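Trainee: Pasting the sequence and the predicted coordinates here, then a few questions.
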Amino acid sequence: MRLFNTFQNGAKMPAGRNQKGFAFVVVLGILLLVTGLAFVSFSTSDTDRQIASNNLGSSRAFFAAEAAIANAIVKLADSSWRTGFNNLKLGHSSYSLRVVDSTDSAALRDSIILVSTGKDDENESRIDVLMARTRNKLFKYGAFGDSALYMGGNALIDSYNSDSGSYLAQATNGPDSVGNMYSDNGGDIGSNGQIELAGNTQVHGDAGTTDTVIASGGNVDIYGTNSSNAPTNTLDPITEAEMKYAELYSGAPAALTITGGGSSYNSSTKDLTIQGGAGSVTFNKSGVYYFSNVYVASRCEFIIPVGVKVIIYMTGNFTALGQSIQNTSLKPENLQIYSTGDSVSFGGGTGAYLSVYAPDAQIDLLGSSDVYGSFVGNSFYNAGGAKVHFDEDLLHLENPLKPKYRKVAWKVL
């Protein structure tokens, strides 16, 4: 066994002492390496935490800016709203919003720009959104049936303007070919399916469809344009948001006065039933009302007093018999019915002033009386010879529950 290391000068040294010195150097090097790695690791972790913090702050700022846009769209249910927001808190973040309109730039006309800024500590995000005015013109026709339209039995449709007084005061034209006096030739009818006109039907307006117009029987006259290649008219659906709002803020039953032993409002089913010889319902306050089914029997009354505007949303069927609907203001816009049900029916001598929008329903006019307003449905049947007088004032009507603006373009800055 070798116990000594020999140096050049001939001195000898025990082998164990040399090995211990070498081991010390190795251990020291390893410690320095581990320390360096730990320092790099801690430095990297701190950088990662800083990056993550910045990313979180940037995300919060962006979502705050988006929240401002969403809040502004709700506020724009009032189309005149221009107030904006100034440093509103949203958790750890905040947002501000400015509305730019034609008073700032005439080129915008009736469009607006929402300039939204979200902040989170030192982070900031900006979103600009161009909003165009929506045109919720649901009542452009005196009668429209998406899949089919039928008029017969001495039926008539013409137009007048309730803003200019009563229909009778304006019905000074004529007589037409079958002896009717009428007001104006703006009583348009339309369909995306077949239009059939029979037995002395008089259309004082245009008849437009993507299908065909069939005239059967004598003395059928269309005093406006008769078109079989009209552009498709797509009926907007009644949205779930509208329905939920109507149900939440419905004036029923608190704002209703119901009389008659057989008459009732069922709070569970939301059905309104008016029947019995003296049955009646009076709507005492303007606002939105939500029902499932509505049934009004003959010789009963469905009363809208002067000064009250009623907007009805319903999920079921609407049936009114006899001269039951009493809209005493004689303004069709003061009784608006929006239905997702499959049937809207008026029988007997209804003589009503109202506007009906029911894109999934068959609308039936079963009597021969005069009705005033507009009827839009999946199909429209006037088999009893009713005289429909389209109120041109409805061309300006906007549904208050539908959004007034829509997003056109946006950019993130």
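Mentor: Yep, it's here. Numbering: from 1, shown residues only.
Trainee: For the helix or strand harbouring L130, which strands pair with it and how are they oriented?
Mentor: Assessed by DSSP states H and E, L130 sits inside strand 123-133. Note on strand 123-133: by DSSP bridges, its sheet partners are strand 112-120 (antiparallel), strand 405-412 (antiparallel).
Trainee: what about the helices in the stretch 201-350 of the chain?
Mentor: Counting by DSSP state H, counting those that start in this stretch, the stretch 201-350 of the chain has helices at residues 240-248.
Trainee: Of the strands paired with strand 123-133, flag the one that's most buried.
Mentor: Burial of the strands paired with strand 123-133 is given as mean neighbour count (mean count of other C-beta atoms under 10 Å); strand 112-120 ranks first at a mean of 22. Placement of C-beta: from N, CA and C, glycine included.
Trainee: Centre of the chain to it, how far?
Mentor: Relative to the mean C-alpha coordinate of its chain, strand 112-120 is positioned 24 Å out (C-alpha atoms, centre = their mean, to the nearest Å).
Trainee: Touching that strand from outside, list them.
Mentor: By C-beta atoms under 8 Å, 6 or more residues apart in numbering, the surrounding residues in contact with strand 112-120 are 57-58, 60-69, 72, 90, 92-101, 124-131, 405.
Trainee: and if we set it to 6 Å?
Mentor: Strand 112-120 has contacts (C-beta atoms under 6 Å, 6 or more residues apart in numbering) with 57, 60-61, 64-65, 68-69, 72, 93-101, 125-131.
Trainee: for stretch 330-345, same thing?
Mentor: With C-beta under 6 Å, 6+ apart, stretch 330-345 has contacts from 162, 238, 304, 309-319, 327, 353-358, 360-364, 372-373, 391, 397.
Trainee: one step back: please produce a ChimeraX select command covering the buried subset of the contacts of strand 112-120.
Mentor: The buried residues among the contacts of strand 112-120 can be selected in ChimeraX (16 or more other C-beta atoms under 10 Å) with this line:
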select :57,60,61,64,65,68,69,72,93,94,95,96,97,98,99,100,125,126,127,128,129,130,131
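Trainee: which residues does I274 contact?
Mentor: Applying C-beta under 6 Å, 6+ apart to I274 gives the contacts S263, V281, V296, C300.
Trainee: Return the set of residues that bridge with the third one.
Mentor: In other words, V296. The partner residues for V296, given DSSP bridges, come to I274, A320.
Trainee: wait, what's in contact with it?
Mentor: By C-beta under 6 Å, 6+ apart, the contact set of V296 is I274, F302, A320, S324.
Trainee: pLDDT check: weakest of these?
Mentor: Within the set of these, pLDDT is lowest for S324 (87).
Trainee: contacting residues around it?
Mentor: By C-beta under 6 Å, 6+ apart, S324 lies in contact with V296, C300, F302.
Trainee: mind redoing it with 8 Å?
Mentor: Contacts for S324 (C-beta under 8 Å, 6+ apart) come out as I274, V296, A297, S298, R299, C300, E301, F302, T350.
Trainee: what about the residue nearest to it when sequence neighbours are not counted, distance to K407?
Mentor: Once flanking residues are discounted, S324 sits nearest to V296: 4.4 Å by C-beta to C-beta, 6 or more residues apart in numbering. Distance of V296 to K407, given as C-beta to C-beta, to the nearest Å: 41 Å.
Trainee: What does A67 show for phi and psi?
Mentor: Dihedral angles of A67 (phi, psi; degrees, to the nearest 10) stand at phi -60, psi -40.
Trainee: One more: S374?
Mentor: Dihedral pair for S374: phi -150, psi 150, per degrees, to the nearest 10.
Trainee: G279 too?
Mentor: For G279, the backbone dihedrals are phi -70, psi 140 (criterion: degrees, to the nearest 10).
Trainee: Number the chain from 4, please
Mentor: Got it, first residue is 4 now, which makes that one G282.
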